[in-house]
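Peer 1: no FASTA, just this:
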């Protein structure tokens, strides 16, 4: 069982819809991440939050808007997505918010997103 | 920059065969090394890790040894099962950087 919980597991939306992906962890981790994974590819980093503050944005289009309401929750707000945004969106967390140390990232099962 | 190179897949084995998945890396700092596994329809699970040279990570019968001299972290298992069929990702993290660097992944198919 994963300790990082993502909802929903599947999401189908039109290009004009607004939806949100949610991620929750209760391991006391202070760094949280969003990744995008296309089929047969490794995950690609999108955003990093450290102590609830955005610390890395990997040049992600503004139609993706992250939010970290508290240390346990991470949201990804979606608006006006394109068909090429269809992918598996993975949330992860880790102990070391400053990047120091050797702590691994723990992943959720992801949200499989399909854009019509 | 940092990079991870994994052997091309898919790797197809019969049950109880010996498994090796090669992984080599380049890093500008001193990395920690990880193997993650992704079962169909699921997220990534941490399989094992090693944080310094000559460390051996192990879990569920899988092992990998951090070889600094050859910059390698090959994954091995003595006897695979059908349930081991999945995609395996080698990854590294350099202290001071927040991001993981992933290899391209190797799909393992185990046949009964």
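Peer 2: Yep, that arrived. Just so we're clear, the structure is a prediction, and the values are computed from it rather than from any experiment.
Peer 1: C-alpha only now, for contacts and for neighbours.
Peer 2: Will do.
Peer 1: which residue sits closest to residue A:86, ignoring its sequence neighbours?
Peer 2: Excluding its sequence neighbours, the residue lying closest to residue A:86 (Cα to Cα, 6 or more residues apart in numbering or on different chains) is residue A:114, at 4.6 Å.
Peer 1: isn't that neighbour right next to residue A:12, touching?
Peer 2: Yes. Residue A:114 lies in contact with residue A:12 (Cα atoms under 8 Å); the separation is 4.7 Å.
Peer 1: Mind checking which of these two has more residues around it?
Peer 2: Taking other Cα atoms under 10 Å in any protein chain shown, residue A:114 and residue A:12 do not tie; residue A:114 has more neighbours (18 against 13).
Peer 1: Does that one lie in a helix or a strand, and which?
Peer 2: strand A:111-115 (DSSP states H and E).
Peer 1: May I have the strands that pair with that strand, each with its orientation?
Peer 2: The pairing partners recorded for strand A:111-115 under DSSP bridges are strand A:10-13 (parallel), strand A:87-94 (antiparallel).
Peer 1: who in chain B is up against chain A?
Peer 2: For chain B, the residues in contact with chain A (Cα under 8 Å from any Cα of the partner chain) are B:32, B:34, B:41-46, B:49, B:51, B:89, B:93-99, B:102-105.
Peer 1: Enumerate every residue touching the spatially closest residue to residue A:77 that is not a sequence neighbour.
Peer 2: Counting by Cα to Cα, 6+ apart, the nearest residue to residue A:77 once its immediate chain neighbours are dropped is residue A:20, at 4.3 Å. Residues near residue A:20 by Cα atoms under 8 Å, 6 or more residues apart in numbering or on different chains: A:75, A:76, A:77, A:78.
Peer 1: since we're on the last one, how many residues are nearby?
Peer 2: Applying the criterion other Cα under 10 Å, we find 19 residues in the vicinity of residue A:78.
Peer 1: again with the first one
Peer 2: Here the count is done by other Cα under 10 Å, and residue A:75 has 19 residues near it.
Peer 1: thinking again about what came up before, mind checking which of the contacts of residue A:20 are in strands?
Peer 2: Among the contacts of residue A:20, DSSP state E puts A:75, A:76, A:77, A:78 in strands.
Peer 1: How confident was the prediction at the most centrally placed residue in chain A?
Peer 2: Centre of chain A computed as the mean C-alpha position; nearest residue by Cα atoms, centre = their mean is residue A:34, 2.7 Å away. At residue A:34, the pLDDT value in this model is 96.
Peer 1: Check residue A:99 too.
Peer 2: Looking at residue A:99, its pLDDT stands at 56.
Peer 1: same thing with residue B:14?
Peer 2: Looking at residue B:14, its pLDDT stands at 97.
Peer 1: now it, nearest residue through space, not along the chain?
Peer 2: residue B:111 (4.8 Å).
Peer 1: re earlier: now pLDDT and distance to residue A:107 too, for the ones in strands among the contacts of residue A:20, in a markdown table please.
Peer 2: Listed next are the ones in strands among the contacts of residue A:20 as a markdown table, based on pLDDT from 0 to 100; distance: Cα to Cα, whole Å:
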| residue | pLDDT | distance to residue A:107 |
| --- | --- | --- |
| A:75 | 98 | 15 |
| A:76 | 98 | 15 |
| A:77 | 97 | 19 |
| A:78 | 96 | 20 |
